[in-house]
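Trainee: Make a model of this:
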Amino acid sequence: MQNLLNDLKTVLEKDDRLMAEGLLLKNKIIELALAMDVKMIRLLLTNEGIKKHFFADVDGVLVFDKTKFQQFVSNKTFLPDSYTSFKNKIGLTADGQYLTDSKEVVLSWPYKDCILEGGQTKEDSNREEIFWNETLAPDQIDRLLAPKVLVNFKKYDKDGEHKVTGIGRDDNLIIKGNNLLALHTLKTAYAERVKLIYIDPPYNTGNDEFKYNDTFNHSTWLTFTKNRLFIAKTLLSNDGSIFVSIDHNELAYMLVLLDEVFGKENFQNLITIKRGSVTGHKTINSGVVNLAEYIVVYTKNKKSWKPNRVFIERERNDRYNNFIINRSLDISKWSFCSLLDAFADKVGVKKTQLRKHFGDEFENKIFEFIVENADAVIQFAYPDENKVSEEARNLIKKSKVRSDKVYHLPREDEPDIYLINGQRILFYSDRLIEVDGRFVTGELLSDIWLDVLPNDLHNEGGVKLKKGKKPEKLLQRIFELGTNTGEIILDFCIGSGTSSAVAHKMGRQYIGIEQLEYIEDKSVKRLVNTIQGDSTGISKSENWQGGGSFIYCELAQANHAYVDKIQEAKTPKDLQAIWKNMQDNAFLSYRIDPKTIDLNSADFTALKLEDQKRFLIEVMDKNMLYIPISEMDDETYGISDYDKKLNRQFQGQT
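Mentor: Numbers count the residues shown, from 1 in each chain. So this is what the prediction gives:
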C-alpha cells in the first residue's frame, strides 16, 4: 500500500495542474478523475502498479475505475497534510471520514447531496465554502435552514429613511444576508405567492464578482445553485415561472439542474441574447467570436402558465400591401385595393410617381398613412388549418365556396378572425406597438433577442458594478412577458439591484436578496435613486416620475459575525484574539473541547494563515451562523421587542 501511495504521488507531481506551492491538490485530482481527464489518465498508465490497481482489462480494452480511484485519493492516508493531522488531534473527524464528505450515496457530481451555505460577503474575495451532507447530518441541516430573525429594519420612500412601524405582505423587501437562509426565512410568508423568479447567478468563470476558492468549481457551483433553486421553487406560484441568465460556460449544467428541480416537462424556452458587437478585443482571438448570453425559462406548471403577448420593434412589414376602401361599412360591402393605390389616392400623386415624388421621405410618409389607417391596411394569408379550431376550419371551407364573401368569427381572448376565399385578413393595427410615445411596427417576441444590448450600461441606476450588470431593458422585457402589475418578483442574487429597480418602475412588488457587503452602496442606493425619480434605463418608456417605497432588513448574525472577523484577520495574532472572544461568546461545535485547542501550539502555528482561518470557522456550530426565529425570545441574543414585533408580523404570527 505504501509503495502505491508513493508511486501515485510521484506520478501526479508531474502534472503542474495538480500542484500549488509544492503540494498536490487533492480536490483537483478528484475533479480531473471524475471528468476522465485524458492527460491525467495517460500519466497514471505510465506506472505498472497504478495501472494494475486502478484499471481493468475488458476484452483488451483498459477501463479506468474512477470510483475506486476517488475513494483511494479521498482516504485520509493519502496526502495527510498538517491541517488534516491537526483536525484529527482535536476530534473534527468521525469514523475516519471528514464530516463534510459524502460517502454513503452515489454522486452525480461531488457534493451533490450536500447543502452549500455559500457565505461570501465581500466582492473580489475568495473563500472555502461550508458543505453539509444531507445523508450524514439531516438534523443539522434542519436547524441550519430554519427561518432566521430579521433585524436592522429601515423604510425608504421619497422623503428619505424612516423607522419601520409595520411590515405587510405587500411591502417591497430587500434582505441582506446569506441568500439560502434568507429564502428559507421567506418560506412561511411567501409560499406559492411569487409570480416570477429572476436570477443572474455567479457564472463560475472568473468574469463576475462572486468567486470561490474551491477547486471543485463545477461541483461548488452546482451545489450552490441546486440548494437555492429547490427552496425558491416552493415560493413560486403554480402559474409562475423562473428566468435564469447564464453564459455558455455553465449553460449545459444549468439546463440539467433545472430539469431536475422543475422537471423536463416544464422547460419553456432557451433565449439567446446578443450582448455586444464584433469589435475591440473580441476580434483578437481566432475562431468564432462569442457574443451570446442566454436566458433559460422554466415554469412551475407549464399548463398553468399564461405569459403575456410581447412585441418588439421591427421595420415596416411590406406584406401588408392591401387596403379596405370602405372599412367602416358592414363586412358584406367591403371592397379592396392595393396599399399603394390607396396612398396615391390620398396624397394625389400617381402610384408610379410616389417614390420619385417623396424621395428619401417615402418610407416615412407611407408609414404615417399606415398608422392613420391601420384598421384598413391588411395582408391576405392562408391559415394553418391544423392549428385553428374546428369552427374556424368550417368557416375556411365556406369562404372557399363563396370566394367573394367576407366571413367573420368573433373570439374572446384573441383577435377576431376575418376570412375571404380561404385566406385570413390580417390587420396592421394588430402589429402596431407604442414605444416612447410613438407607434412602430411590432412582431411577436421570439427566442432571439438582438435589441437589448448593454449600451451606456455603466450609467444606469446611478451605481457602478465592475462586471455582470444587466441592462434595465432586458429585465423590463422579462417582466412584461411573465408578470402583471402588482405581482411579486423574486431575485436572490440582486447584485447592483437592476431587477428590483425595474420591478419598482413597472409597478411590480419585489423581494431582493444579496449577501455581499456592497448591498447598501449598490442595491439600496440604486433603489433610493429610483424612488427619487431616476431618469436612466427604462424610465422614459415607463414614464417613471419616482415614488413608492421599500423596506430593508438583515438576517440577525450570531456566529456569522465571527466568520466576518476571521476572514478579515491579517495575522495569527489577530486570530488568537478572535479565538479568545469565541470561547466566551461564540457557539462552538459539540465535537470539540476548547481546552484541547492551543493556538500557540506547534501544530497550529505550522498551518498557513488561510488554514488557521479555515479551522476556526470549522469549529463553530454552523446552525448558529444566524439566529433562528424559534429562539428569538432567548435573552442570550438580545433581540429587541421592536424587532420581535416586526418578525412576528412578517411571519404572520400576529
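
Trainee: Tell me which residues touch the most centrally placed residue in the chain, please.
Mentor: The centroid of the chain falls nearest to residue 199 when counting by C-alpha atoms, centre = their mean (2.3 Å). Residue 199 sits next to 242-245, 491-493 when contact means C-beta atoms under 8 Å, 6 or more residues apart in numbering. C-beta here means a position set from N, CA and C on the backbone, and glycine is covered the same way.

Trainee: so can I have CSV of those showing distance to residue 176 and neighbour count?
Mentor: Converted to CSV, the contacts of residue 199 look like this (distance: C-beta to C-beta, whole Å; neighbours: other C-beta atoms under 10 Å):
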residue, distance to residue 176, neighbour count
242, 23, 25
243, 23, 26
244, 22, 23
245, 22, 23
491, 14, 26
492, 12, 24
493, 13, 23
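
Trainee: Closest one to residue 404 out of the residues you listed, please.
Mentor: The closest of the contacts of residue 199 to residue 404 turns out to be residue 243 (C-beta to C-beta; 48.7 Å).

Trainee: I'd assumed residue 483 was in contact with the closest one.
Mentor: No: with contact defined as C-beta atoms under 8 Å, residue 243 does not count as touching residue 483 (10.4 Å).

Trainee: Show me the common contact partners of the two, please.
Mentor: With C-beta under 8 Å, 6+ apart, residue 243 and residue 483 have common neighbours residue 196.

Trainee: Which elements pack onto the strand or helix carrying residue 371?
Mentor: Assigned by DSSP states H and E, residue 371 falls within helix 362-372. Contact here means 3 or more C-beta pairs under 8 Å, 6 or more residues apart in numbering; DSSP states H and E; on that basis helix 362-372 packs against helix 339-347, helix 354-358.

Trainee: Buried residues of that helix, list them for me.
Mentor: 365-366, 369-371 (16 or more other C-beta atoms under 10 Å).

Trainee: Taking the residues you listed, tell me the two that lie furthest apart.
Mentor: 365 and 371 (11.0 Å).

Trainee: on contacts alone, who are the packing partners of the biggest strand by length in the chain?
Mentor: Criterion DSSP state E: the longest strand present in the chain is strand 236-246. Other elements packing on strand 236-246 under the criterion 3+ C-beta pairs under 8 Å, 6+ apart are strand 194-199, helix 217-235, helix 251-262, strand 292-299, helix 472-482.

Trainee: Direction included, what does the fourth one pair against?
Mentor: In other words, strand 292-299. Partners of strand 292-299 in the sheet, by DSSP bridges, are strand 236-246 (antiparallel), strand 267-274 (antiparallel).

Trainee: Next, the angle from that strand to helix 217-235.
Mentor: 40 degrees (axes from the mean of the first three to the mean of the last three C-alpha atoms, to 10 degrees).

Trainee: pLDDT on strand 292-299, on average?
Mentor: Per-region confidence: strand 292-299 scores 96 on mean pLDDT.

Trainee: Contacts for it, please.
Mentor: So strand 292-299 is contacted by 239-248, 251, 254-255, 258, 262, 266-275, 305, 478 (C-beta under 8 Å, 6+ apart).

Trainee: Just the buried ones from those?
Mentor: 239-247, 251, 254-255, 258, 262, 266-269, 271-273, 275, 305, 478.

Trainee: re the thing from before, what's the closest of the strands paired with strand 292-299 to residue 503?
Mentor: That would be strand 236-246 among the strands paired with strand 292-299, by C-beta to C-beta, at 12.7 Å.

Trainee: before we move on, back to that, how far off centre is the longest strand of the chain?
Mentor: Counting by C-alpha atoms, centre = their mean, to the nearest Å, strand 236-246 is centred 10 Å from the centre of its parent chain.

Trainee: Going forward, the N-terminal residue is numbered 735.
Mentor: Got it, the first residue is 735 from now on, which makes the last one we talked about strand 970-980.
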